[in-house]
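J.: requesting a structural model of the entry that follows:
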Amino acid sequence: MMLICGVDEAGRGPLAGPVFAAAVVLGAGADDIEGIADSKRLSAARRDALARLIKAQAQTWAIASASVAEIDHMNILEATMLAMLRAIRQLTLPVGARIVIDGVTVPRELPSWAAARGIEFGAQVRADAEVRDVGAASILAKTARDAFMVALDRRYPQYAFARHKGYGTAAHLAAIAAHGACPEHRMSFAPLRAR
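T.: Reported below is the predicted structural model:
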(Lines give C-alpha, C1' and ligand atoms only; values in the text may rest on other atoms or scores of the structure.)
Protein backbone atom coordinates (compact mmCIF):
# COMPACT_ATOMS: atom_id res chain seq x y z
CA MET A 1 0.00 0.00 0.00
CA MET A 2 1.31 3.44 -0.96
CA LEU A 3 2.46 5.68 1.88
CA ILE A 4 0.54 8.98 1.87
CA CYS A 5 1.88 12.24 3.25
CA GLY A 6 -0.97 14.71 3.74
CA VAL A 7 -0.28 18.45 3.65
CA ASP A 8 -2.57 21.34 4.57
CA GLU A 9 -2.41 24.92 5.80
CA ALA A 10 -4.13 27.16 8.30
CA GLY A 11 -4.35 30.92 8.37
CA ARG A 12 -4.47 32.17 4.81
CA GLY A 13 -7.35 34.56 5.44
CA PRO A 14 -6.57 36.38 8.71
CA LEU A 15 -5.27 39.94 8.92
CA ALA A 16 -2.61 39.01 11.47
CA GLY A 17 -0.17 36.25 12.33
CA PRO A 18 1.83 33.73 10.30
CA VAL A 19 0.41 31.11 7.98
CA PHE A 20 1.02 27.57 9.24
CA ALA A 21 1.29 24.25 7.39
CA ALA A 22 1.60 20.66 8.49
CA ALA A 23 2.68 17.44 6.79
CA VAL A 24 1.47 14.14 8.27
CA VAL A 25 2.00 10.46 7.51
CA LEU A 26 -0.51 8.64 9.70
CA GLY A 27 0.67 5.13 8.89
CA ALA A 28 -0.82 1.96 10.36
CA GLY A 29 -0.22 3.04 13.95
CA ALA A 30 -2.91 5.71 13.70
CA ASP A 31 -5.67 3.52 12.20
CA ASP A 32 -7.70 3.64 15.40
CA ILE A 33 -7.88 7.46 15.62
CA GLU A 34 -11.53 8.27 14.99
CA GLY A 35 -12.99 11.57 13.86
CA ILE A 36 -10.17 12.93 11.70
CA ALA A 37 -11.74 15.46 9.35
CA ASP A 38 -11.31 18.92 7.90
CA SER A 39 -10.31 20.99 10.95
CA LYS A 40 -12.92 23.64 10.13
CA ARG A 41 -15.67 21.08 10.82
CA LEU A 42 -14.41 20.29 14.33
CA SER A 43 -14.75 22.14 17.62
CA ALA A 44 -11.61 23.60 19.17
CA ALA A 45 -11.72 21.00 21.95
CA ARG A 46 -12.05 18.14 19.47
CA ARG A 47 -9.20 19.51 17.33
CA ASP A 48 -6.95 19.74 20.38
CA ALA A 49 -7.75 16.18 21.45
CA LEU A 50 -7.17 14.83 17.93
CA ALA A 51 -3.91 16.80 17.58
CA ARG A 52 -2.54 15.08 20.69
CA LEU A 53 -3.48 11.64 19.30
CA ILE A 54 -2.06 12.41 15.86
CA LYS A 55 1.26 13.58 17.32
CA ALA A 56 1.47 10.49 19.52
CA GLN A 57 0.43 7.87 16.97
CA ALA A 58 1.30 9.14 13.48
CA GLN A 59 4.27 7.58 11.75
CA THR A 60 5.75 11.05 11.23
CA TRP A 61 4.62 14.67 11.20
CA ALA A 62 5.97 18.20 10.95
CA ILE A 63 4.66 21.73 11.35
CA ALA A 64 6.11 24.87 9.79
CA SER A 65 5.11 28.46 9.14
CA ALA A 66 5.81 31.54 7.07
CA SER A 67 6.03 34.84 8.88
CA VAL A 68 4.02 38.01 8.45
CA ALA A 69 7.12 39.61 6.89
CA GLU A 70 7.28 36.77 4.35
CA ILE A 71 3.53 37.06 3.64
CA ASP A 72 3.86 40.81 3.03
CA HIS A 73 6.99 40.36 0.92
CA MET A 74 5.87 37.56 -1.39
CA ASN A 75 2.01 37.37 -1.05
CA ILE A 76 -0.13 34.94 0.89
CA LEU A 77 -0.22 32.17 -1.74
CA GLU A 78 3.58 32.04 -2.09
CA ALA A 79 4.01 32.22 1.69
CA THR A 80 1.54 29.34 2.11
CA MET A 81 3.49 27.26 -0.41
CA LEU A 82 6.71 28.11 1.46
CA ALA A 83 5.23 26.95 4.78
CA MET A 84 4.06 23.71 3.13
CA LEU A 85 7.48 23.06 1.60
CA ARG A 86 9.16 23.71 4.95
CA ALA A 87 6.89 21.15 6.62
CA ILE A 88 7.45 18.55 3.88
CA ARG A 89 11.23 19.00 3.96
CA GLN A 90 11.33 18.12 7.66
CA LEU A 91 10.17 14.58 6.87
CA THR A 92 12.13 11.64 5.52
CA LEU A 93 9.76 9.99 3.05
CA PRO A 94 10.50 6.68 1.32
CA VAL A 95 10.75 6.22 -2.43
CA GLY A 96 7.27 5.68 -3.82
CA ALA A 97 5.48 7.77 -1.19
CA ARG A 98 2.85 10.21 -2.42
CA ILE A 99 2.40 13.76 -1.12
CA VAL A 100 -1.22 14.96 -1.27
CA ILE A 101 -1.74 18.70 -0.83
CA ASP A 102 -5.14 20.18 -0.11
CA GLY A 103 -6.10 22.66 -2.83
CA VAL A 104 -5.16 23.26 -6.45
CA THR A 105 -1.52 24.38 -6.19
CA VAL A 106 1.74 22.74 -5.17
CA PRO A 107 4.90 24.60 -4.09
CA ARG A 108 7.01 25.62 -7.08
CA GLU A 109 10.09 23.78 -5.75
CA LEU A 110 8.22 20.56 -4.94
CA PRO A 111 8.50 18.85 -8.36
CA SER A 112 12.31 18.92 -8.40
CA TRP A 113 12.56 18.05 -4.69
CA ALA A 114 10.16 15.11 -5.08
CA ALA A 115 11.71 13.86 -8.33
CA ALA A 116 15.15 13.70 -6.71
CA ARG A 117 13.69 11.39 -4.04
CA GLY A 118 11.37 9.25 -6.16
CA ILE A 119 8.28 10.67 -4.48
CA GLU A 120 4.95 11.33 -6.20
CA PHE A 121 2.87 14.42 -5.45
CA GLY A 122 -0.32 16.19 -6.38
CA ALA A 123 -2.93 18.71 -5.25
CA GLN A 124 -6.50 17.67 -4.55
CA VAL A 125 -9.46 19.92 -3.87
CA ARG A 126 -11.22 19.02 -0.60
CA ALA A 127 -8.47 16.57 0.29
CA ASP A 128 -8.78 17.71 3.91
CA ALA A 129 -12.24 16.12 3.96
CA GLU A 130 -11.44 13.09 1.79
CA VAL A 131 -7.88 11.95 2.69
CA ARG A 132 -7.26 11.11 6.36
CA ASP A 133 -3.60 12.18 6.29
CA VAL A 134 -4.57 15.57 4.87
CA GLY A 135 -7.33 15.94 7.45
CA ALA A 136 -4.73 15.18 10.13
CA ALA A 137 -2.44 17.83 8.64
CA SER A 138 -5.26 20.37 8.70
CA ILE A 139 -5.79 19.65 12.40
CA LEU A 140 -2.10 20.05 13.28
CA ALA A 141 -1.76 23.25 11.26
CA LYS A 142 -4.90 24.77 12.77
CA THR A 143 -4.09 23.89 16.38
CA ALA A 144 -0.50 25.14 16.02
CA ARG A 145 -1.67 28.43 14.55
CA ASP A 146 -4.39 28.86 17.15
CA ALA A 147 -1.84 28.29 19.94
CA PHE A 148 0.44 30.89 18.36
CA MET A 149 -2.41 33.42 18.24
CA VAL A 150 -3.36 32.74 21.88
CA ALA A 151 0.28 33.43 22.86
CA LEU A 152 0.24 36.56 20.70
CA ASP A 153 -2.83 37.73 22.60
CA ARG A 154 -0.69 37.93 25.74
CA ARG A 155 1.75 40.28 23.95
CA TYR A 156 -0.96 42.40 22.31
CA PRO A 157 -4.07 42.09 24.49
CA GLN A 158 -5.72 45.13 22.93
CA TYR A 159 -6.50 43.11 19.76
CA ALA A 160 -8.10 40.04 21.44
CA PHE A 161 -6.23 37.65 19.12
CA ALA A 162 -7.19 34.68 21.32
CA ARG A 163 -10.83 35.29 20.46
CA HIS A 164 -10.75 35.78 16.67
CA LYS A 165 -7.29 34.36 15.80
CA GLY A 166 -6.52 37.38 13.62
CA TYR A 167 -9.52 37.14 11.31
CA GLY A 168 -11.15 40.35 10.17
CA THR A 169 -14.05 40.39 12.61
CA ALA A 170 -15.83 43.62 13.47
CA ALA A 171 -14.16 43.61 16.90
CA HIS A 172 -10.71 43.13 15.36
CA LEU A 173 -11.25 45.91 12.83
CA ALA A 174 -12.44 48.18 15.64
CA ALA A 175 -9.30 47.38 17.65
CA ILE A 176 -7.11 48.22 14.64
CA ALA A 177 -8.99 51.51 14.23
CA ALA A 178 -8.45 52.32 17.91
CA HIS A 179 -4.85 51.16 18.35
CA GLY A 180 -3.35 51.01 14.86
CA ALA A 181 -1.56 47.93 13.56
CA CYS A 182 1.03 45.89 15.45
CA PRO A 183 4.08 44.12 13.94
CA GLU A 184 2.03 40.92 13.52
CA HIS A 185 -0.51 42.54 11.20
CA ARG A 186 -0.31 41.76 7.48
CA MET A 187 0.10 45.21 5.97
CA SER A 188 -0.30 43.83 2.43
CA PHE A 189 -3.92 42.85 3.16
CA ALA A 190 -6.55 45.29 1.91
CA PRO A 191 -8.01 46.52 5.23
CA LEU A 192 -4.47 47.39 6.46
CA ARG A 193 -2.87 48.42 3.16
CA ALA A 194 -5.07 51.53 3.02
CA ARG A 195 -3.80 52.74 6.43
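J.: can you list contacts of the lowest-mean-pLDDT helix or strand in the chain?
T.: Within the chain, no helix or strand scores below helix 190-193, which has a mean of 88 by mean pLDDT, DSSP states H and E. By CB atoms under 8 Å, 6 or more residues apart in numbering, the residues outside helix 190-193 that reach it are 15, 168, 173, 176, 181, 185-187. All C-beta spots, glycine's among them, are computed from the backbone N, C-alpha and C.
J.: just give me the closest of these to Ala22.
T.: Arg186 (20.5 Å; CB to CB).
J.: so who does the closest one touch?
T.: Counting by CB under 8 Å, 6+ apart, Arg186 touches 14-16, 68, 71-72, 76, 192.
J.: swap in 6 Å and give it another go.
T.: 15, 68, 71-72 (CB atoms under 6 Å, 6 or more residues apart in numbering).
J.: what do you get for Asp133?
T.: Counted by CB under 6 Å, 6+ apart, Asp133 has contacts 4, 6, 24, 26.
J.: among these, which pair sits farthest apart?
T.: Ile4 and Val24 (9.0 Å).
J.: what comes up buried for the helix ranked longest in the chain?
T.: Using DSSP state H, we find that the single longest helix of the chain is helix 132-155. For helix 132-155, the neighbour count (16 or more other CB atoms under 10 Å) marks 132-146, 148-149, 152-153 as buried.
J.: higher neighbour count, Ile4 and Val24?
T.: A count of neighbours by other CB atoms under 10 Å puts Val24 above the other of Ile4 and Val24, at 32 against 20.
J.: ok, the more buried one touching Ala136?
T.: Yes. Counting by CB atoms under 6 Å, Val24 does reach Ala136; the two are 4.2 Å apart.
J.: list residues touching both of these two?
T.: Shared contacts of Val24 and Ala136 (CB under 6 Å, 6+ apart): Gly6.
J.: mind checking the end-to-end distance for stretch 147-161?
T.: One end of stretch 147-161 to the other measures 10 Å (CA to CA, to the nearest Å).
J.: ranges for the helices of the protein?
T.: 44-57, 68-74, 76-89, 110-117, 127-130, 132-155, 161-164, 170-179, 190-193.
J.: using JSON lines, please lay out those helices together with distance to Gly96.
T.: Listed next are those as JSON lines, based on distance: least, CB to CB, whole Å:
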{"stretch": "helix 44-57", "distance to Gly96": "23"}
{"stretch": "helix 68-74", "distance to Gly96": "32"}
{"stretch": "helix 76-89", "distance to Gly96": "16"}
{"stretch": "helix 110-117", "distance to Gly96": "10"}
{"stretch": "helix 127-130", "distance to Gly96": "19"}
{"stretch": "helix 132-155", "distance to Gly96": "15"}
{"stretch": "helix 161-164", "distance to Gly96": "42"}
{"stretch": "helix 170-179", "distance to Gly96": "45"}
{"stretch": "helix 190-193", "distance to Gly96": "44"}
